[in-house]
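In: with the sequence up front, the predicted model follows.
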Amino acid sequence: MGLKAYHLNTTTPTRWDFERHQMRGSVKWQVTQLVKLIFEKELSKTKRRDEEDDKYNFVTQNTTMQTYKLLWIEFATYAKKYFDVKDVENLSNKHVEAFMNHKVNSHISKQTIEKISSALGKLEFALTYFSKINGDGKVYDFNYRTKVLNFAREFELVYDGYHGRAYVNPQKIINELADPMFKLAAKLQLEGGARVGGIDYIPREVKISHEKLIVNKLEDIRVICIENKKAIVYSLQGIAFDKHLFAKGVKKKVGQILTVEKGGKPGLISVSIASYKSLERIMDDLGEFSINRFAYMCAINKACHKLGFDSEGSHGFRWTHVQNRQQELVEAGYLTDEAMLINSHEHKHWRKEITGHYLS
């Protein structure tokens, strides 16, 4: 039976309406229907983490959903080619096992097979959810994705693709950047640990969901106003003591900047007073800070090549910051695990283990 078309009833958001005719679409079309079913960009973290909510476990990040979608299409295409499975509703654990083993045998990295396993886990959820709201009640179980993954890791059938990306001498690279805007962008990343997506465009004011500010523990930042559940806030949040260092008796003043990064997640980065003042002057003159990301990347690569350094792109500045911040927190008196958790939160992650990747 082909995947059926569905339509959201906008008058009663908790109920789904279905057209009961069959849709014999392509693999890509069927996957797209599943994507539409579980992807909701503006969904709050509170709702998607609440097991009692109708939208529990939904995907909210566009980049994550696109990654999953491509892997779902690849998997479904594989099943169609080798098992003649034309309907994604007929995908099963044996197809998952075959696909996972196929990918392991293609000599991919540990991180890639982990990503594939995660994508198949979300496909399991999407198919089960589709079956539930469609009245069929079928529960999908793709447990072979984890069995093959664990086996591949245990017997080292996949290689570890992580490598340290921190720069040994980042200031030399910054000094080689001719464009003063690029210099400042690199300083914001090195001093604040921001992703390039958080600093390539910084407006004077940001409009963001008020609930998102609360979820990310930013209820105390400077807010201009709140309209229709949207908060309008200043990007430049002023100069203050570093709260984590201050808690240990270390008085260090920093400039605080609100950035919105991967997945639309907001957070404060702390930079030197000099860099903050430079950004402040640009805001006064131009009303915003903006650079061409591609040109910025090219400039970093050119500077690294001239210096004889391996280029890690702009992300190398972020890696360097994480390592510097870890040392700073430990020297202030935090235990290693405490420092890793603070470090992780400051870089818009939740688990302290993420910091471990940057420290490798």
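Out: Sure thing, it's come through. Residues are numbered from 1 along each chain as shown.
In: okay, the residue nearest to I108 when sequence neighbours are not counted and P266: tell me how far apart.
Out: For I108, ignoring the flanking residues on the chain, the nearest one in space by CB to CB, 6 or more residues apart in numbering is V158 at 6.1 Å. For every residue, glycine as well, the C-beta is placed using N, CA and C. Per CB to CB, to the nearest Å, V158 is found 35 Å from P266.
In: wait, isn't the residue nearest to I108 in contact with K110?
Out: Yes - using CB atoms under 8 Å, V158 is in contact with K110, at 4.5 Å.
In: where does pLDDT dip in the protein?
Out: Within the chain, the segments meeting pLDDT under 70 span 1-24, 159-163, 360.
In: look up how far V139 lies from F58.
Out: From F58 to V139 the distance is 18 Å (CB to CB).
In: which of these two has more neighbours?
Out: More crowded of F58 and V139, by other CB atoms under 10 Å: F58, with 20 against 10.
In: name all residues that make contact with that one.
Out: When contacts are counted by CB atoms under 8 Å, 6 or more residues apart in numbering, F58 is found next to I38, F39, E40, L43, K47, R48.
In: repeat that for 6 Å
Out: F58 sits next to I38, E40, L43, R48 when contact means CB atoms under 6 Å, 6 or more residues apart in numbering.
In: G238: neighbouring residues, count only.
Out: G238 has 12 neighbouring residues, counting by other CB under 10 Å.
In: meant to ask about I226
Out: Neighbour tally, I226, other CB under 10 Å: 12.
In: again, but for H349
Out: Neighbours of H349 (other CB under 10 Å): 18.
In: so the residue lying closest to it once chain neighbours are set aside is in which element?
Out: Leaving aside its chain neighbours, H349 sits nearest to T355 (7.6 Å; criterion: CB to CB, 6+ apart). Using DSSP states H and E, T355 maps to helix 353-359.
In: remind me what that helix packs against, helices and strands.
Out: Secondary-structure packing of helix 353-359 (3 or more CB pairs under 6 Å, 6 or more residues apart in numbering; DSSP states H and E): helix 336-346.
In: what packs against the helix it packs on?
Out: helix 315-332, helix 353-359.
In: and the ones you listed, which is most packed in?
Out: Comparing these by mean neighbour count (mean count of other CB atoms under 10 Å), helix 315-332 ranks first with a mean of 20.
In: and stretch 267-280, end to end?
Out: End-to-end distance for stretch 267-280, by CA to CA, to the nearest Å: 18 Å.
In: now stretch 101-113
Out: Stretch 101-113 stretches 10 Å from its first residue to its last (CA to CA).
In: what comes up buried for it?
Out: For stretch 101-113, a neighbour-count test (16 or more other CB atoms under 10 Å) marks K103, V104, I108, K110, T112, I113 as buried.
In: contacting residues around stretch 66-77?
Out: So stretch 66-77 is contacted by V27, K28, V31, V35, V88, F99, I116, A119, K122, L123 (CB under 6 Å, 6+ apart).
In: and those residues as JSON lines, adding distance to P170?
Out: Output for these, formatted as JSON lines (distance: CB to CB, whole Å):
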{"residue": "V27", "distance to P170": "46"}
{"residue": "K28", "distance to P170": "43"}
{"residue": "V31", "distance to P170": "42"}
{"residue": "V35", "distance to P170": "39"}
{"residue": "V88", "distance to P170": "47"}
{"residue": "F99", "distance to P170": "41"}
{"residue": "I116", "distance to P170": "34"}
{"residue": "A119", "distance to P170": "34"}
{"residue": "K122", "distance to P170": "37"}
{"residue": "L123", "distance to P170": "40"}
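In: for the residues you listed, which one is nearest I232?
Out: V35 (31.6 Å; CB to CB).
In: those strands in the chain, which residues are they?
Out: Remark: strands assigned in the chain by DSSP state E are 6-8, 16-18, 201-203, 205-209, 223-227, 230-234, 236-241, 253-260, 266-271, 288-290.
In: closest to W319 out of the ones you listed?
Out: strand 266-271 (14.8 Å).
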